[in-house]
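Novice: fold the following, please.
(4 chains)
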Number of protein chains: 4
Amino acid sequence: MIGYGFMGRAHSNAWRQVSHFFPLKARVEMHTICGRDRAHVEAARAQLGWQYAGTDWREVVESPLIDIVDICTSNASHTEIALAAARAGKHILCEKPLALDSANAEKMLAAVRKFRVRNTVVFNYRRVPAIAYAKQMIDSGQLGQLRHFRGTYLQDWISDPKFPMNWRLRKETAGSGSHGDLNAHLIDTARFLVGDIAETVGLQETFIAERPKEGQAIGLTATTGKGTEKVTVDDATAFLAKFAPGKNAAPGAYATIEATRLAPGHKNYNYFEINGSEGSLSFCFERMNELQYCNRNDAPDKPGFKTILCTEGSHPYFGAWWPPGHVIGYEHTFIHTVSDFINGVATGTDVHADFLDGAKCVAVLESVVASKKAKGWVKVANIK
Amino acid sequence: MIGYGFMGRAHSNAWRQVSHFFPLKARVEMHTICGRDRAHVEAARAQLGWQYAGTDWREVVESPLIDIVDICTSNASHTEIALAAARAGKHILCEKPLALDSANAEKMLAAVRKFRVRNTVVFNYRRVPAIAYAKQMIDSGQLGQLRHFRGTYLQDWISDPKFPMNWRLRKETAGSGSHGDLNAHLIDTARFLVGDIAETVGLQETFIAERPKEGQAIGLTATTGKGTEKVTVDDATAFLAKFAPGKNAAPGAYATIEATRLAPGHKNYNYFEINGSEGSLSFCFERMNELQYCNRNDAPDKPGFKTILCTEGSHPYFGAWWPPGHVIGYEHTFIHTVSDFINGVATGTDVHADFLDGAKCVAVLESVVASKKAKGWVKVANIK
Amino acid sequence: MIGYGFMGRAHSNAWRQVSHFFPLKARVEMHTICGRDRAHVEAARAQLGWQYAGTDWREVVESPLIDIVDICTSNASHTEIALAAARAGKHILCEKPLALDSANAEKMLAAVRKFRVRNTVVFNYRRVPAIAYAKQMIDSGQLGQLRHFRGTYLQDWISDPKFPMNWRLRKETAGSGSHGDLNAHLIDTARFLVGDIAETVGLQETFIAERPKEGQAIGLTATTGKGTEKVTVDDATAFLAKFAPGKNAAPGAYATIEATRLAPGHKNYNYFEINGSEGSLSFCFERMNELQYCNRNDAPDKPGFKTILCTEGSHPYFGAWWPPGHVIGYEHTFIHTVSDFINGVATGTDVHADFLDGAKCVAVLESVVASKKAKGWVKVANIK
Amino acid sequence: MIGYGFMGRAHSNAWRQVSHFFPLKARVEMHTICGRDRAHVEAARAQLGWQYAGTDWREVVESPLIDIVDICTSNASHTEIALAAARAGKHILCEKPLALDSANAEKMLAAVRKFRVRNTVVFNYRRVPAIAYAKQMIDSGQLGQLRHFRGTYLQDWISDPKFPMNWRLRKETAGSGSHGDLNAHLIDTARFLVGDIAETVGLQETFIAERPKEGQAIGLTATTGKGTEKVTVDDATAFLAKFAPGKNAAPGAYATIEATRLAPGHKNYNYFEINGSEGSLSFCFERMNELQYCNRNDAPDKPGFKTILCTEGSHPYFGAWWPPGHVIGYEHTFIHTVSDFINGVATGTDVHADFLDGAKCVAVLESVVASKKAKGWVKVANIK
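Specialist: Below is the predicted model of the structure:
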């Protein structure tokens, strides 16, 4: 594993826990964790349960003792590491977004194809049991042809204008703000459940354009330093999208998608609703064990949404955990991802979301940015 | 009152009830109801509580016994009736949308100004106590500068492809479908609470393009006739909007607005959320007595939304009704509108939403339609 | 109508509105309203829409121009008025609770039987569409045998210890506090939906035993006077109940029932849940247009409660109102009651809840009070 | 650890995870897991992450290599194992209920006192962040004096009469049914948040008195065998309780408490609401990351409950996990318990809930059973 920030903690937990709950087709050995700072990475190693700590990612990536490379570094370095890992024949699990732009994403896609390594982008929300179950319902036709996708990803962690700068608020390190961080998830969910996106038009805004400088780091945040710094990424963004014709999407199907870090009261409100010809579904991550479902064909005097607690043994992944009603949380989505990836590697089977999915997501993000300049609808690059 | 359909019933009830609950500055006399069919209008008169029934709207509008004309006819006839009423010096209460296009709306606006008659468009949702209270909160700065308006108006009454045609599904009678019927309400709410809209980009779709012909009318619906007919209005629509700079709107403030009649499980889901620099609000008509409110400045360990039941004596309009917790319904919004209008007429004071509001709403609707052709952002006509 | 307080307003509205919405088998004439204070009753007459005002209830009750007597006075006077009305051959609609004790209730029951007059106790919640629909579901077996009834009626209007005394807080005028006022409703709902109650055990408490004296009346409340006065009724109460064997109740079926005026945050939280062998239902008046329903026999991967908006034309009473999703409120329950009562009188058919229901409710209330002294379970008097 | 069933899995996970998230004052070594069946316990050892597997619990309990004994066996064996562990000087973490009756619970309490070992009963819900936070709010006076506790623990796993027998449905292995299993949790929560219980009256029912015999075990359930067997425990139970005077409980404070395994639609609905003189709180485990809170002293036009997502760094335990809004699940409550217990052992500090809490809970359970025979209120044994 390269990197040991927030995602490094979540991924390490997944590697540590997976074999205690899921039947795996290979034995997991948590070999090496890698970071730039010797003392920090050693502390992370001890804390997170790895055997070795390294500071040279190239060395680790090329080590013959390693089969899988898990990339948890900041967005800007994904491409370089993934290219090296593919070249070294390692299977790759990469945090989202796959790359800062679609040119880089396509290089990565070409590399994993050329070197025939298993590859996945960690769109962890695909493996929330409720969302995985929604996918089953849609694929089995329970919603009919899908017409609307309505996604919002609402947070409020930078609502306070005194909240200081950090790497996520700078273009050079983060690429973009709410768009790349949050819309990336909504786009992937829309693609996963409805289908490919053909065209978009949208906007990005930076409502709080200047913030106090960053002081001392404390965990994921920092104290406030002296003076101010310009924020160079968006803090809110919205777009309309038209879906490409597909198996699940009705002709004319469209999406409204919005992400913001300035919605007081919402913490991790990753929400969507889908309306199809035969029914509707909605989901919000803050109540991640629940799925709202309406079947249009129910008795006319019993219209409405049912709150399904997706904690039955028959729901995806949940059978590995606890009895019904004994809910699970955020980190479980990573355990599910790692479980599927290990089995994919062991059996030589593809694991979604793969680098093609990752690249397509980047292309949609890019089209929205382009639409701002074009002041109108822009076609999404057709990556294959 | 001209017309006696669904809106005629709701307006009649309002005229009948208002004096029993609200202190009025004038006495109400429900003089004449007017419609084309003699037998039908006579039945409506008896049922709805009017003294006289007429079949010639011009005669009624010009009668010296009449002070106020209430226009509840189908959208296409609003302009002609309102022009005649203004000319006759009558105060006018007109159903929304004010007119089929902004040219007609501006004519109506010019007429009421020229003849100095009190005028209002019945955007009844402005007088849901929860929304009127939201307006007070916003105007007193409790939400700070507003950044996001997120509105959806979801219904499902034509989800069944076998649901037959009616006048609402034909362009010549309805003007448009979900856009003019439902988005008109969302646009008015956005304008009422946030401010004027400057630019839009959007889409309209007709997912079910052909339907069984209309058979015999039964109340608001009809039996299924033989053969099919082309649907000539949209059944779903969405757009992005940028607000004009204003008192409540932050620079860069935007809206996402969507309306559909094809969202299974939603009956009259007129919903919006507003995020401001100091807090958030949300509302859904299906739970019209409630307002969700988050104050960003609450204690850090007590973040979140409060469900405020807007049934206190201190909430707008509610003091006239029942003790707290004894909820009210849809028709009350019309009673509140009529109460304010009567007092406005009696005291010579303006009553929102006036014809200027009505015309501006039509202009926003038009800009969205224009953006479809333009394949990009379109400026909203600046009506003054 | 005798009395013109809060209930007088609600009943008058019902008599005024009913013919505009419901097909009636008799013509309604709002003849006389009666009260002790000449000026007040005259003001009420004008405000509430009655033709005449009287101050001598005996005279009114005996008038040959009157067919129906509607008793809205304070609880202590119900018996005397009802006995006189029955003797005069009038059909009687009486506010709940029927009487202060079961001895008086039985006298009233005997009188309406002897003089063969139509009689009803206004348990208005029976005619919330959602509850009337719940009754249909239960009677058609959709919930199977009922095992649990869990009712709470939570308010907070006297939470503030500075809230002054009023007639509802004195034993001589109100009979009891939360018990007679709120539990009476829960008991009636339990009896309506599940069946007769055979035995109870419970408690009553007065947490705030002294309050400021009452000052000047202002509407339903009053200013604070000088000095304090002892509160002589309960402000909170709870009991367990065992149902008698019956058509809907399973052997062993029991209820938990609680009412309080000291539950901060609840305004009119008249809530119940019922669990049966085949499904569950729950309802809360603050969201009175909704019913929560779970069918145990749904697909195992789709467990949970559906939120049914009871606003379809097929739901009880709703067809008379507005299109689906256009919700109704508190006062509508009285309109539905009056509609059924008028038709019952016109056609000579019984209208539930009748005086037998009212007397049985009083007997259950009494048994709970008796259980406090007995420190154990007490059988409910078997009124027939 | 003795035992490796459902609770064994949950406890093992806690021991495994705790050091990766919480700063501990001692190093954890997962030494030995113990069970009767050699093959099963060896499989559990491998799956759950223990070093050694044993089949003789006495040997394990007395081993000088062991400091802490974790008792996860069936209820009937808790006493014997705990007595032996205490005698051997081991610190003890014991699953609830502490013992089958209060006589045995008092023996256990005496033993841990005599041998001065740290002791805790795993009432894991105390360490749901939302409940731990509720405790802080109450102890700091934010709810004022507490008047009502309203607890229901609703499940539906034996709603199907064809669900076969298992050890939880037999008196000799489980002691009791819904009462000991579910009410035990509610009683502990009531005691934790409000205070000691002085008196109770209640009932127990067995609605489904006979079930198919148990067939082959499959995980936590089993296939259906041939023939039927009598169910010897309750499947539903309810009681009223009066609190003893205390720091948080108002004079007269009472509780309604109900548990059932026959409430279709509820999976693990461990719910309570508390009303105090200054505010209210409610919680439901199925949405365990949320707390509903009403402050009576909020502005009069802003009454109501706030949905607090208890996922801030400032909420109890949550700081060790993920950013706000990234919710946690059931198993985390055990990790929090184990974390506190380890630190209690390391520093010689008491850890609640201790064996006194466990014994008091058993005494309340017993009083309810006794009240059934007594047909009235019964005092709870005063364990000190």
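Novice: A:Trp57 against A:Val41, yeah?
Specialist: No: using CB atoms under 8 Å, A:Trp57 is not in contact with A:Val41, being 10.6 Å away. For the C-beta atoms, the positions are set from N, CA and C on the backbone; glycine is no exception.
Novice: please, which helix or strand holds A:Ala99?
Specialist: A:Ala99 is located outside every helix and strand, with elements delineated by DSSP states H and E.
Novice: cool, and the one 5 residues further on?
Specialist: Secondary structure assignment for A:Asn104, by DSSP H and E: helix A:102-114.
Novice: helix or strand right after that helix?
Specialist: Toward the C-terminus from helix A:102-114 - assigned by DSSP H and E - lies strand A:119-122.
Novice: give me the helices and strands touching that next one, please.
Specialist: The elements that strand A:119-122 packs onto, with contact taken as 3 or more CB pairs under 8 Å, 6 or more residues apart in numbering or on different chains; DSSP states H and E, are strand A:91-95, helix A:332-347, helix A:355-374.
Novice: tell me the first helix or strand C-terminal of that strand.
Specialist: Using DSSP H and E, the helix or strand that follows strand A:119-122 in sequence is helix A:129-139.
Novice: angle of that next one against helix A:332-347?
Specialist: In this structure, helix A:129-139 runs at an angle of 60 degrees to helix A:332-347, with axes from the mean of the first three to the mean of the last three CA atoms, to 10 degrees as the basis.
Novice: so does helix A:129-139 get close to chain B?
Specialist: No: shown here: helix A:129-139 not in contact with chain B (CB under 8 Å from any CB of the partner chain), separated by at least 13.3 Å.
Novice: count of neighbours near the residue nearest to A:Thr73 when sequence neighbours are not counted?
Specialist: The shortest distance from A:Thr73 to any non-neighbouring residue, by CB to CB, 6 or more residues apart in numbering or on different chains, is to A:Gly3 (3.9 Å). Look at A:Gly3: counted by other CB atoms under 10 Å in any protein chain shown, it has 24 neighbours.
Novice: same question for A:Glu59.
Specialist: Using other CB under 10 Å: A:Glu59 sits among 11 other residues.
Novice: go on, the one 10 residues further on?
Specialist: Applying other CB under 10 Å, we find 26 residues neighbouring A:Val69.
Novice: OK, contacts around the residue nearest to A:Glu106 when sequence neighbours are not counted?
Specialist: Distances taken as CB to CB, 6+ apart put A:Ala359 closest to A:Glu106, at 5.8 Å, once the chain neighbours are dropped. Taking CB atoms under 8 Å, 6 or more residues apart in numbering or on different chains as the criterion, A:Ala359 is in contact with A:Leu98, A:Ala99, A:Ser102, A:Ala105, A:Glu106, A:Met108, A:Leu109, A:Ile383.
Novice: in three-state terms, label the last one for me.
Specialist: Read that as A:Ile383. At A:Ile383 the chain is in coil, as set by DSSP: H, G, I helix; E, B strand; the rest coil.
Novice: tell me where the stretch 101-250 of chain A has helices.
Specialist: Shown for the stretch 101-250 of chain A, the helices assigned by DSSP state H, counting those that start in this stretch span residues A:102-114, A:129-139, A:171-174, A:178, A:184-193.
Novice: most tightly packed of those helices?
Specialist: Burial among the helices of the stretch 101-250 of chain A, expressed as mean neighbours by mean count of other CB atoms under 10 Å in any protein chain shown, is greatest for helix A:178, which shows a mean of 28.
Novice: can you report how many residues lie near the nearest residue to A:Asn343 once chain neighbours are set aside?
Specialist: Across the structure, with CB to CB, 6+ apart as the measure, the residue nearest A:Asn343 apart from its sequence neighbours is A:Lys25 (4.9 Å). For A:Lys25, the tally of surrounding residues (other CB under 10 Å) stands at 12.
Novice: can you classify A:Lys25 as helix, strand or coil?
Specialist: Looking at A:Lys25 with three-state DSSP, the answer is coil.
Novice: wait, what's in contact with A:Ala363?
Specialist: So, once contact is read as CB under 8 Å, 6+ apart, A:Ala363 ends up touching A:Ser102, A:Ala105, A:Val380, A:Ala381, A:Ile383.
Novice: ok so, going back, the residue nearest to A:Thr73: what's it in contact with?
Specialist: Contact criterion CB under 8 Å, 6+ apart gives A:Cys34, A:Gly35, A:Ile71, A:Cys72, A:Thr73, A:Ser74, A:Glu95 as the residues in contact with A:Gly3.
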